[in-house]
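**Student:** predicted coordinates and the sequence they were generated for:
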Amino acid sequence: MKKIQDIIADSISVKQQILENEQLINTTATIADIITEALKNGNRIYFCGNGGSAADAQHLAAEFSGRFYTDRKALPAEALHCNTSYLTAVANDYSYDVVYARLIDGLANKGDVLVGLSTSGNSANIVKAFEVAREKGVHTVGFTGLGGGVMNSLSDYLLNIPSTDTPRIQESHIMLGHIICQLVEENYFAEV
Ligand SMILES: O=C(CO)[C@@H](O)[C@H](O)[C@H](O)[C@H](O)COP(=O)(O)O
Ligand SMILES: [Zn+2]
C-alpha cells in the first residue's frame, strides 16, 4: 500500500538526515560519554517524557537498570513518571507542570543526568524539570524535534531531530537512545 510505503520512507529519510549530520552524531557520542562518566562517579540517570515519550523514557531507563546486550550489574537509572500515586497526587494537589521538577528537586544530586524527551521541546513539566536541574548542577540532555523549542536553551546537550512530525521524531529518539545505551554499556564495563 502506497501510504504505508510513504510513511516508512519518511521515517528512513529522517534517519538518513541524522546519519549525514555530523553534529548530531558527535552530540550522541558526547551524551554517551557524559552518562558513562556520571555513572562511574556514582551518579544517577533520570528520564522523563509525556505520552509515547514517557514510554520511551521508561524503555531507555530499563536498558540501564535492567540490562541491554550484556550480563552485568544494574546501573542506576529511572523514569520519573512510573509512580502513579506520586504523579496523581502532585498533579491533583499542585499542577501537572511540576510533577518532574518536584522529583528532580527531591531526588537528584549534582552530577546526575536528566534526559528529557519532548518532540515539541515545549512540554511545561519537562521545561520546569530542566530549570530545577540546572539550578542543582544536574546535566540536562534534551531529545527534541527540529529547533528544540524551549528546551533548546535549557539543554546542556541537545539531540534535535530534523523533523516536525511527532511519531517520526519519536522513532529517531528511540534509535539514538538505543545507540547511547549500547555505547554506555560498552564503555562503562570496558573500563571498570
Ligand atoms: O506518542 C504520541 C505520539 O506519537 C503521543 O502520546 C505524544 O507523546 C503526546 O501527545 C505528548 O503529550 C506530546 O508531547 P511532546 O512530545 O510535545 O513533549
Ligand atoms: Zn506514539
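**Tutor:** In hand now; what should we look at? Ligands and ions are numbered 1, 2, ... in the order given.

**Student:** and this protein, which of its residues are near ligand 1?
**Tutor:** Within reach of ligand 1 by C-beta under 6 Å from any ligand atom, the chain has these residues: N50, G51, G52, S53, S118, T119, S120, S123, T166, P167, Q170. In short, each C-beta sits where N, CA and C put it, glycine included.

**Student:** angles on the backbone of the residue nearest to the spatial centre of the chain, please.
**Tutor:** Centroid check for the chain by C-alpha atoms, centre = their mean gives V115 as the closest residue, at 3.5 Å. Backbone torsions of V115, given as degrees, to the nearest 10, read phi -100, psi 120.

**Student:** same check on A79?
**Tutor:** When read as degrees, to the nearest 10, the backbone of A79 gives phi -90, psi 140.

**Student:** for this protein, what helix or strand is lowest in average pLDDT?
**Tutor:** When each helix and strand of the chain is scored by mean pLDDT, DSSP states H and E, helix 166-191 comes last, with a mean of 95.

**Student:** which positions in that helix come out as buried?
**Tutor:** Residues of helix 166-191 classed as buried: 168-177, 180-181, 183-185, 187-188 (neighbour count, 16 or more other C-beta atoms under 10 Å).

**Student:** give me the buried positions along stretch 57-68.
**Tutor:** Neighbour-count burial for stretch 57-68, counted by 16+ other C-beta under 10 Å, picks out A57, Q58, H59, L60, A61, A62, E63, F64, F68.
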